[in-house]
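In: sequence and predicted model, in that order:
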Amino acid sequence: MPLTGIDLQNFPLFKGLSPEAAARLTRDCIVRTCQKGAILAHQDSDAECIHLVLTGRVLLTAECEDADRTVIAAFEAGDVLVAAAAILQVPYLVTAKAVMPSRILAIPAGRFRQALQTEHALALAMLDIQAQHWRLLVDHVRGLKLHRGLERLARFLVQSSPVNRGNAVFKLEHDRKTIAAMLGISPEFVSRGLQQLRQHGVRARGSLIQIDDVDQISRLYRAIERPNESPDMPQP
């Protein structure tokens, strides 16, 4: 699909970039319409493009020999995928897979690297995006190292909630296997954890979640050290 009828200024990557510079960067670029399950980039393959999610949702996954695949992160409209590999000219560390119908703008990696050297606004936008990705990575690692499975599940529910306090009713955007991979726990533990969270006002029926008090659930997740581990916080 040609790049027509899309206002690129609505996306953080093009923030501050002049229309002329945006046109040069995206000349002849095609908007790829992806069905659920489409692979945008393969782990260990050469990084040929910068991918911008226009609509939809994409998961980044990774795997090694004789091991299950794990989910690294989920990205939605406005996000830039696997840019570091294209900028550094190294292979992708992850596989990018659409998990719902999506539209993706692919910008050739070489052209993008050249634009970074000449377009100050693009370089600043990319710096901001990469800084945000770094914080997400550190936050994810901190959660895995400092918090137990039930705490990570509780925080995931809070982050998925459309409100920050009070009652919330919403549907999970991922199945339990994907959620387990994102949190570093087993699918069985997701089910057990939801049962344990019933005592804190959480009820789950399939993908539908109801929380009596979102703020109460957020208090189950503590940012740094605790003097003693709670006995009702089992390992995943």
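Out: Nice, I can see it.
In: what is the burial count for Ser207?
Out: 12 (other CB atoms under 10 Å). Just so you know, the C-beta spots here come from the backbone N, C-alpha and C atoms, and that holds for glycine as well.
In: surely it and Leu172 touch.
Out: Yes. Using CB atoms under 8 Å, Ser207 makes contact with Leu172 at a distance of 4.6 Å.
In: what does stretch 30-44 rub up against?
Out: 1-3, 6, 47, 49, 51, 54, 56, 58, 61-63, 81-82, 91-106 (CB atoms under 8 Å, 6 or more residues apart in numbering).
In: report the central residue of the protein.
Out: Ala74 (2.4 Å; CA atoms, centre = their mean).
In: so what's it up against?
Out: Arg57, Val58, Leu59, Leu60, Val99, Glu173, His174, Met182.
In: so which residues of the protein form strands?
Out: Ranges of strands in the chain, per DSSP state E, are 31-34, 39-41, 49-55, 57-62, 70-76, 80-81, 95-98, 102-108, 168-171, 202-205, 208-211.
In: what's the first-to-last distance across stretch 36-48?
Out: Distance between the two ends of stretch 36-48: 22 Å, counting by CA to CA, to the nearest Å.
In: quick one: average confidence on it?
Out: Here stretch 36-48 scores 93 as its mean pLDDT.
In: and for stretch 171-184?
Out: Averaging pLDDT along stretch 171-184 gives 90.
In: what's it in contact with?
Out: Against stretch 171-184 from outside (CB under 8 Å, 6+ apart): 57, 59, 61, 68-71, 73-74, 99, 143-144, 149, 152-153, 156, 160, 186-187, 189-191, 207-209, 236.
In: give the buried residues for it.
Out: Neighbour-count burial for stretch 171-184, counted by 16 or more other CB atoms under 10 Å, picks out Leu172, His174, Arg176, Thr178, Ile179, Ala180, Ala181, Met182, Leu183, Gly184.
In: which ones are touching Phe11?
Out: So Phe11 contacts Leu52, Leu54, Gly78 (CB under 8 Å, 6+ apart).
In: what's around the second one, how many residues?
Out: The one in question is Leu54. By the criterion of other CB under 10 Å, Leu54 has 20 neighbours.
In: quick check, it in contact with Ala98.
Out: No. Using CB under 8 Å, Leu54 makes no contact with Ala98, being 11.7 Å away.
In: overlap in contacts, these two.
Out: Jointly contacting Leu54 and Ala98 under the rule CB under 8 Å, 6+ apart are Ile104.
In: out of the contacts of Ala74, what pair is the most spread apart?
Out: Across the contacts of Ala74, the longest distance by CB to CB is 15.2 Å; it joins Leu60 and Glu173.
In: what about Val158, distance to Ala84?
Out: 29 Å (CB to CB, to the nearest Å).
In: looking at the two now, which is surrounded by more residues?
Out: Val158 (21 against 15).
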